[in-house]
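>>> Output the structure for:
(one chain, ligands or ions: 2)
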Amino acid sequence: MMNNHSTSEESEAYIALGANLGDREGTLVEALHQLEDSEGVQVVRCSGVYETEPVGYLDQPQFLNMAALLRTTLTPEALLNVMLEIENRLGRTRDVRFGPRTVDLDLLWVEGRSLDVPELTLPHPRMFERAFVLVPLNDIVPQNEHSGLRGLITKALEDIDGKEGIRLWTTSVWDGGSGHSVS
Ligand SMILES: Nc1ncnc2c1ncn2[C@@H]1O[C@H](COP(=O)(O)OP(=O)(O)OP(=O)(O)O)[C@@H](O)[C@H]1O
Ligand SMILES: Nc1nc2c(c(=O)[nH]1)N=C(CO)CN2
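Ligands and ions are numbered 1, 2, ... in the order given. You can find the predicted model right below:
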């Protein structure tokens, strides 16, 4: 049934996931399972997982970062709320801006949508400056993606001379949600 959290249409949404405390890989996999278990959300495809040097606030452990493509009937605002709930459930606390976190879920890009309200800016305002976002995203955005995202990623990766401080950690942690991880 339709309500103000969902629409009759499905849209594609790209998200970024990051973790630098505790069992980083296990937390990323758990976040993906919780997304898949959320009503109106399907995990379509995931990037590899990359180990990355911290950016912004440097005195903190290395991150694992990855990206995922979701298909959803939720509005962008409702999807972000689902993501914030998952962050909270997985023990995220907000102490230092850009500081360490059990898990960080950012909504990067929703097909055909731009938004600028205090709770949600789309596209994500810092995504094109961050190699730790762009390198994983580059794994999963198809060549023929029609909204222009592909070209923006390629250009941004050239501009920031992108891959320093970013190493592939594992090519796949997600097997389509059947309940166990593949490494
Ligand atoms: N595209 C977006 N994705 C995620 N959060 C967003 C977005 N636009 C605005 N926000 C808002 O930003 C708030 C703070 O997010 P968060 O604590 O994850 O920031 P951060 O991870 O420290 O910094 P950054 O946003 O640069 O990654 C969220 O509560 C959310 O309402
Ligand atoms: N490498 C890396 N650095 C960061 C990250 C992150 O996910 N990966 N997230 C931050 C908070 O926005 C700040 N710095």
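
>>> How about the residues of this protein by ligand 2?
18, 52, 53, 54, 55, 56, 63, 65, 98, 104, 132 (CB under 6 Å from any ligand atom). Glycine gets a C-beta too; all of them are placed from N, C-alpha and C.

>>> Okay, and which of the residues you listed map to helices?
Secondary structure from DSSP state H places residue 132 of those in helices.

>>> Can you narrow the residues of the chain next to ligand 2 down to the ones near ligand 1?
Counting by CB under 6 Å from any ligand atom, the subset of the residues of the chain next to ligand 2 that neighbours ligand 1 consists of 98, 104.

>>> So which of the residues of the chain next to ligand 2 is surrounded by the most neighbours?
Within the residues of the chain next to ligand 2, residue 65 tops the neighbour count with 28 neighbours, counted by other CB atoms under 10 Å.

>>> now it: how far from ligand 1?
Counting by CB to the nearest ligand atom, to the nearest Å, the gap from residue 65 to ligand 1 is 11 Å.

>>> hang on, isn't that residue packed against residue 131?
No: contact between residue 65 and residue 131 fails when scored by CB atoms under 8 Å: they sit 9.4 Å apart.

>>> Can you work out which residues contact both of those two?
52, 166 (CB atoms under 8 Å, 6 or more residues apart in numbering).

>>> And the pLDDT for the residue lying closest to residue 115 once chain neighbours are set aside?
Spatial nearest neighbour of residue 115, chain neighbours left out: residue 122 (4.3 Å); criterion: CB to CB, 6 or more residues apart in numbering. Per-residue confidence (pLDDT) for residue 122: 98.

>>> now do residue 146
82.

>>> thinking again about what came up before, flag the least confident of the residues of the chain next to ligand 2.
Minimum pLDDT across the residues of the chain next to ligand 2 falls on residue 98, with 71.

>>> all strands of the chain, in order?
6-19, 41-46, 49-52, 63-74, 104-110, 115-117, 120-122, 166-170 (DSSP state E).

>>> Now find how far off-centre the fourth one is within its chain.
Relative to the mean C-alpha coordinate of its chain, strand 63-74 is positioned 4 Å out (CA atoms, centre = their mean, to the nearest Å).
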